[in-house]
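1. Task: produce atomic coordinates for the following.
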Amino acid sequence: MYGGKRRALLAVAWVTLTGCGAAAPQPDWTTVRDTLPSGTVRVTNVPLAEVSPTWTLVEELRVGTVEGAGPDAFAYLKGLVVLEDGRFAVLDSQAQELRVFGPDGAHVATHGRKGQGPGEFVDANGLMLGPRGHLWVPDARNGRMSVFDPEDGFVESFPFGDANFNSLWNGAIVAGSRMYRPSRRGNRRLLRVYDLTMTQVDSLPMPGDGPEDEEFDPESQPGAFYQEMGGGYMAYSIPFYPGEVSYLDSRGAVWSTRPGDPEYRIKRWQPGGDTTLVVETRRPPVPVPAVERDSVIDLMRQMLSNMGVGEWDWSRVPGIRPAVEDIFETAEGNLWIRTPSSGDGVLFDVYSRDVTYLGTASVSPGLNLFDRVTPVVRDDLVWLIVTDELDVPYVVRARIAPTG
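-> Okay, here's the model as predicted:
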């Protein structure tokens with residue numbers, strides 16, 4: 001068993017995280033590591049009752065506009081990647097265009113449009129950075145995966161008959177040589193593995209499902225209200241319910257929370273294998289303000305009244321927020337965990353590859369994070385999508401600066 005504070009490591013980690021060489025703050029977190037009988041390593045972090053942010057994300061570049069029809073007039077973004085030289089690309093799903101911008105925010109190129117020809121899209125819904133700096137765009141409704149050079153445009157495409165349509169792509173390129181895509185077969189969750197010609201080479205089971213022959217019962221889903229409607233039914237997601245949060249990292253491991261678990265608890269497992277790591281952080285729970293919870297319930301009550309149906313069991317609406325809201329990895333291999341703030345901002349706990357706690361980054365309340373597209377972190381810079389009071393999207397590049 002290992003316990004204690006990692007002060008020397010933290011000073012080194014600050015250089016790795018931000019590239020500025022400043023000395024690290026000294027957060028008074030206690031980290032205990034032990035090994036469970038199964039061989040799984042468990043890391044338990046015990047912070048102070050009040051966790052102060054270590055870093056703040058300070059905006060230094062914003063790309064986007066409310067007016068006009070230029071390439072920086074974004075409608076609905078479903079992808080964001082950053083190249084090694086600081087250029088970035090976004091996928092605007094409404095225009096079905098892939099747009100590339102320079103490190104200074106200047107427009108470099110636009111690729112694609114609506115259509116079925118080479119390099120065109122029907123329903124592109126994601127964006128990945130692949131080998132040789134190419135941009136990979138899934139378009140299942142067009143039956144293919146298209147590859148683009150950031151400047152020169154369309155390179156090639158591969159047939160991709162994925163019938164598991166999603167509003168947002170949830171696959172990942174792993175180790176520069178495989179494509180992983182969560183999917184379903186009947187009532188079973190699978191991880192489909194493709195080579196980079198989009199030829200399926202494997203199908204791996206995902207843990208946590210019931211028996212393969214178990215039928216889906218919509219009436220007993222813990223995260224949804226069930227309502228019969230004539231000859232069918234409606235399933236309405238329960239607000240603040242802690243659904244599963246998962247992330248495929250660059251080495252092919254899956255990090256995930258357990259559905260229904262509001263605690264700050266994450267496991268790492270290898271597809272087709274066992275859980276190798278469990279990370280628990282004992283942050284104090286963040287309550288849902290009573291006025292916010294009551295307001296959400298009132299809206300649902302009004303919806304039910306309009307449909308002419310009775311009340312639901314409002315005690316199923318949680319009074320605390322899920323402790324884990326997002327998981328992602330930086331270019332350097334650090335792990336960022338989004339966790340709720342008791343104020344108006346957004347917090348990310350930052351861990352090294354071996355899940356040593358490095359610090360906490362805060363997003364100021366002035367940056368309204370669009371949380372459907374994961375931020376990108378390289379060295380001491382973060383690219384993220386934010387929206388204004390009119391829900392107009394922008395791409396912001398922020399610098400990670402010491403708080404205070």
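
2. drop to CA atoms for contacts and neighbour counts, all remaining ones
-> OK.

3. model confidence over stretch 378-398, on average?
-> Averaged across stretch 378-398, pLDDT comes to 95.

4. end-to-end on it?
-> 11 Å (Cα to Cα, to the nearest Å).

5. repeat for stretch 104-116
-> The first residue of stretch 104-116 is 33 Å away from its last residue (Cα to Cα).

6. May I see the buried residues of that stretch?
-> Buried residues in stretch 104-116, counting neighbours by 16 or more other Cα atoms under 10 Å, are found at 105, 107, 108, 109, 110, 111, 112, 113, 114.

7. pLDDT on it, on average?
-> Average pLDDT, stretch 104-116: 96.

8. Distance from it to the middle of the chain?
-> Taking Cα atoms, centre = their mean, to the nearest Å, the mean C-alpha location of stretch 104-116 is offset from the chain mean by 24 Å.

9. Stretch 222-237 too?
-> Relative to its chain's centre, stretch 222-237 lies at 27 Å (Cα atoms, centre = their mean).

10. List the contacts of it.
-> Outside stretch 222-237, the residues within contact range by Cα atoms under 8 Å, 6 or more residues apart in numbering are 218, 219, 220, 238, 241, 242, 243, 260, 312.

11. burial measure for the first one, as a count.
-> Residues contacting residue 218 under the criterion other Cα atoms under 10 Å number 14.

12. ok, now how distant is it from residue 145?
-> In this structure, residue 218 lies at 33 Å from residue 145, with Cα to Cα as the measure.

13. what's the answer for the fifth one, then?
-> For residue 241, the distance to residue 145 equals 34 Å [Cα to Cα].

14. Then residue 322 would be within a strand, right?
-> No - membership of residue 322 in a strand is not supported by DSSP: H, G, I helix; E, B strand; the rest coil, which gives coil.

15. thought it was touching residue 245?
-> No - Residue 322 is beyond contact range of residue 245, at 10.0 Å (criterion: Cα atoms under 8 Å).

16. which outside residues touch the longest helix anywhere in the chain?
-> Longest helix in the chain, counting residues (DSSP state H): helix 290-307. Around helix 290-307, the neighbours that count as contacts under Cα under 8 Å, 6+ apart are 239, 310, 311, 314, 317, 319.

17. what about 10 Å?
-> Residues from elsewhere that reach helix 290-307 (Cα atoms under 10 Å, 6 or more residues apart in numbering): 227, 229, 236, 238-240, 287-289, 308-312, 314, 317-320.

18. Alpha carbons of stretch 169-189, in CSV - could you do that?
-> Included here for stretch 169-189 are C-alpha records, laid out as CSV according to Å, rounded to 0.1, in the frame of the first residue of the first chain:
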residue,chain,number,x,y,z
TRP,A,169,-19.8,10.1,-33.1
ASN,A,170,-18.4,8.1,-30.2
GLY,A,171,-15.6,6.1,-31.9
ALA,A,172,-11.8,6.7,-31.7
ILE,A,173,-8.6,6.0,-33.6
VAL,A,174,-6.4,3.9,-31.3
ALA,A,175,-2.6,3.6,-31.5
GLY,A,176,-2.7,5.1,-35.0
SER,A,177,-3.7,1.7,-36.5
ARG,A,178,-7.2,0.7,-35.3
MET,A,179,-10.7,2.2,-35.2
TYR,A,180,-12.8,1.4,-32.1
ARG,A,181,-16.5,1.9,-32.2
PRO,A,182,-19.0,1.1,-29.4
SER,A,183,-22.1,-0.6,-30.8
ARG,A,184,-24.9,-3.0,-30.0
ARG,A,185,-26.0,-6.4,-31.1
GLY,A,186,-29.5,-7.1,-29.8
ASN,A,187,-29.3,-6.4,-26.1
ARG,A,188,-25.5,-6.7,-25.9
ARG,A,189,-23.0,-3.8,-26.0
